[in-house]
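Novice: structure for this input, please:
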Amino acid sequence: MKHKLRSYPLFSVCGLNCGLCPRYYTNGPSRCPGCGGEGFADVHCGCGTLSCCQRKELEYCFECEYFPCTKYEGADLTDSFITHKDKLRDMERAKKIGIDAYKSELDQKVKMLKTLLRDFDDGRRKSYFCTAVNLLDLEDVVNIMTRLTASTDSSASKKEKAIIAAGLFNEIAEKKDISFKLRK
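Specialist: Got it, this is the predicted structure:
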């Protein structure tokens, strides 16, 4: 089935936050354009979930009468390059608060992630920052970004800034019992 382009590829039909994925920020042929974005079929030619939604003329799985279906069974047990830990939770949140409100929250996280990648990534933390911003609540990420802005010396090296940023993310994650390690 030929996939149609989606108007908002930063949030997948199944609940992945594509706008917070390291592959979305990769340059070159392995870059993913997000769910149903321009060139998606070249990178993910066989996405059954996207095909299912498009066959049913749905934008997101939560719009389906069978949500959550068997496609979600075990989906949160493994990760490779993006976390699947909260995709069902995020899909349920989008359903509860409405897709426009969820997109607004995700857009805020994407904006903060871009700042982290531009100003705090020492070349070794892209996946870490993507995972951390994805797994923490918006309020926590806002708090961390506020603290980073207030406490980081502009003359500090990116390596020093990366260490400070990671320390703040780890501090919040530990308090909330969240692990940023992906599971294989």
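Novice: on the three-state scheme, the closest residue to residue 68 other than its chain neighbours is what?
Specialist: If the residues on either side of it in the chain are set aside, residue 68 comes closest to residue 88, at 6.0 Å by CB to CB, 6 or more residues apart in numbering. Just so you know, the C-beta spots here come from the backbone N, C-alpha and C atoms, and that holds for glycine as well. Secondary structure state of residue 88, per DSSP: H, G, I helix; E, B strand; the rest coil, is helix.
Novice: let's verify the residue of the chain most remote from its centre: helix, strand, or coil?
Specialist: Distance from the C-alpha centroid of the chain, by CA atoms, centre = their mean, peaks at residue 155 (29.9 Å). What three-state DSSP gives for residue 155 is coil.
Novice: that one and residue 162, how far apart?
Specialist: Using CB to CB, to the nearest Å, residue 155 is found at 15 Å from residue 162.
Novice: list the buried residues in the one helix or strand residue 54 maps to.
Specialist: Element membership for residue 54, per DSSP states H and E: helix 48-55. Across helix 48-55, burial judged by 16 or more other CB atoms under 10 Å covers 49, 50, 52, 53, 54.
Novice: verify the contact between the last one and residue 5 for me.
Specialist: If I follow you right, that is residue 54. No: applying CB atoms under 8 Å, one finds residue 54 not in contact with residue 5, separated by 10.5 Å.
Novice: return the distance of stretch 14-25 from the chain's centre.
Specialist: Centre-to-centre, stretch 14-25 and its host chain are 4 Å apart (CA atoms, centre = their mean, to the nearest Å).
Novice: list the contacts of it.
Specialist: With contacts defined as CB atoms under 8 Å, 6 or more residues apart in numbering, stretch 14-25 is touched by 9-12, 30-35, 37, 49-50, 60-61, 71-72, 75, 81-82, 84, 86-91, 94, 106-107, 109-110, 113, 117, 126-127, 130, 133-134.
Novice: same thing but at 7 Å, please
Specialist: With contact meaning CB atoms under 7 Å, 6 or more residues apart in numbering, stretch 14-25 is reached by 9-12, 30-32, 34-35, 49, 61, 71, 81-82, 87-88, 90-91, 106, 109-110, 113, 117, 126-127, 130, 133-134.
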